[in-house]
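1. here is the input, now give the coordinates:
(one chain, ligands or ions: 1)
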Amino acid sequence: MPTYGRLPVAFQRGDGAYLYDNQERRYIDGVSGIAVTNLGHTHAAVTEAVCEQMHTLAHTSNLYRIAPQEMLATLLTSATGMEQVFFCNSGAEGNEAAIKLARCYGHERGIDIPHIIVLEGAFHGRTMGALAATGNPKIQQAFEPMLSGFVRAPRDDIAAIHAIADLNPNVVAILLEPVQGEGGVRQLNSDYLMQLRALCDQLGWLLMFDEVQSGNGRCGALYAFQRLGVIPDVLVTAKGLGNGIPIGACMARGAAAQVLGPGDHGTTYGGNFIACSAGTAVITTLVKDRLWERADPIREALLAGFHRTLKYPDVVSEIRGLGLMIGIELNMPCDQIVTTALAEGLLVNMTAGNTVRLLPPLIMSLADAQLLGSGVAEVINTLYSDIEVAS
Ligand code: PLP
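-> Numbers count the residues shown, from 1 in each chain. Below you'll find the model as predicted:
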């Protein structure tokens, strides 16, 4: 079904920070499959782990114990302080698990119609629960009616959360991305997150972080919450956890870890041998090499290249994000940026209309990061000078 507006390119192989199209033309990958291949393409440890697992055993049901799933759960819980993990296949599914967990948590506390606070500009996925939690009417309208039970609040506005708390006794949880991705690459204020943590503790609400995009090393820590210093009760991730093999995880600690029991949730594929062998290779590699420590230097190199080359600094409204979630908001027409960059051998993405989103892998060299940054600036220079000439 034509659900994607696809670009006119087909890649046939990848290597580290590069992709090669079917003419063997090389591209610098500033997108990483939208924050998936954080370790770069065809990373040896992931490739070997998956191939070896495929030769041994690909799948059994979750009716049986699955050693690679237990191994990955142990790695994740010891690296995050979470206590339990439910494995699924995608980010949206991870959020569905979190939504079900929060509702069940509410019911256990005598709240029959539990509400979850979600934020403006949020993106949590395309399944019906995750879509209802998403703060973008454009992608919701065609699929009305939305699932009920969500209360929307503006970003970084603690007074708005207090106002909801005063009026609404049915709130059981807050779900948010500590760094919003699709919503324009916006890191939430860390004071705001700390105040939310205190309020959740006071009112018995669950603080649930969607780190589908911000997690797995991308934001300069294994998970962004570890850098921001605010520990959630529920942590959802996916994308970079498998470096290309579909996997999602909904983790929980404390009371949240005790909510779901046998029969409450399930999935055929979630946590299977292949996905968990990939996840184990990813987390082991990230932790062993502390690869997240490369996020800030790569960001700096990229932005240095960008600023050095950009001829029209006034076209930049704001540069946002954390680590290797980089958002460059522009105040010029942006519809040709992605295709012009593609023609120059650079993969970039646009989000929230006018924000260039760059999500390079953690293994990108500083030289390539500079090239990517200066390449993006050159694209802007070219398009902006055309606009100036035309006006
Ligand atoms: N949550 C966040 C923060 C995301 O960025 C995304 C995808 O972009 C999702 C959830 C949905 O993940 P998936 O596409 O794997 O369902």
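
2. can you name the residue of this structure nearest the ligand?
-> Nearest residue of the chain to the ligand: residue 91, at 2.3 Å (CB to the nearest ligand atom). (Glycine included, C-beta is placed from N, CA and C.)

3. count of neighbours near the residue nearest to residue 275 when sequence neighbours are not counted?
-> Closest residue to residue 275 apart from its sequence neighbours, by CB to CB, 6 or more residues apart in numbering: residue 247 at 4.0 Å. Applying other CB atoms under 10 Å, we find 30 residues neighbouring residue 247.

4. just residue 320 next, same as before
-> 18.

5. shouldn't it be in contact with residue 327?
-> Yes. Counting by CB atoms under 8 Å, residue 320 does reach residue 327; the two are 4.2 Å apart.

6. joint contacts of the two?
-> Here residue 320 and residue 327 share the contacting residues 184, 185, 186, 355, scored by CB atoms under 8 Å, 6 or more residues apart in numbering.

7. residue contacts, residue 10?
-> By CB under 8 Å, 6+ apart, residue 10 lies in contact with 21, 22.

8. show residues contacting the longest helix anywhere in the chain.
-> Across the chain, the longest stretch assigned as helix under DSSP state H is helix 366-390. Applying CB under 8 Å, 6+ apart, the set of residues contacting helix 366-390 from outside is 17, 28, 30, 297-299, 301-312, 315, 328, 330, 332-333, 336-337, 340-341, 344-346, 348, 356, 358, 360, 364.

9. check what pLDDT residue 253 gets.
-> Reading off the confidence values, residue 253 has pLDDT 98.

10. wait, isn't it in contact with residue 81?
-> Yes. Using CB under 8 Å, residue 253 is in contact with residue 81, at 6.3 Å.

11. what is in contact with the two at once?
-> Common neighbours of residue 253 and residue 81 (CB under 8 Å, 6+ apart) are residue 231.

12. with neighbour numbers in mind, choose between the two.
-> Per other CB under 10 Å, whichever of residue 253 and residue 81 has more neighbours is residue 253, with 18 against 15.

13. ok, now which ones touch the more buried one?
-> Residue 253 sits next to 81, 82, 83, 84, 231, 233 when contact means CB under 8 Å, 6+ apart.

14. could you pull up phi and psi at it?
-> Backbone geometry at residue 253, expressed as degrees, to the nearest 10, gives phi -140, psi 170.

15. any idea how far residue 109 is from it?
-> Look at residue 253 and residue 109: by CB to CB, to the nearest Å, they are 18 Å apart.

16. could you do residue 283 as well?
-> Residue 283 sits 33 Å away from residue 109, going by CB to CB.

17. comparing these two, which residue is more hemmed in?
-> Shown here are residue 283 and residue 109; by other CB under 10 Å, residue 283 has more neighbours (23 against 11).

18. the more buried one touches residue 79, doesn't it?
-> Yes. Counting by CB under 8 Å, residue 79 is a contact partner of residue 283 at 6.5 Å.

19. give me the common contacts of these two.
-> The contact sets of residue 283 and residue 79 overlap at residue 222 (CB under 8 Å, 6+ apart).

20. help me confirm that residue 104 is found in a strand?
-> No. Per DSSP: H, G, I helix; E, B strand; the rest coil, residue 104 lies outside any strand segment and is helix.
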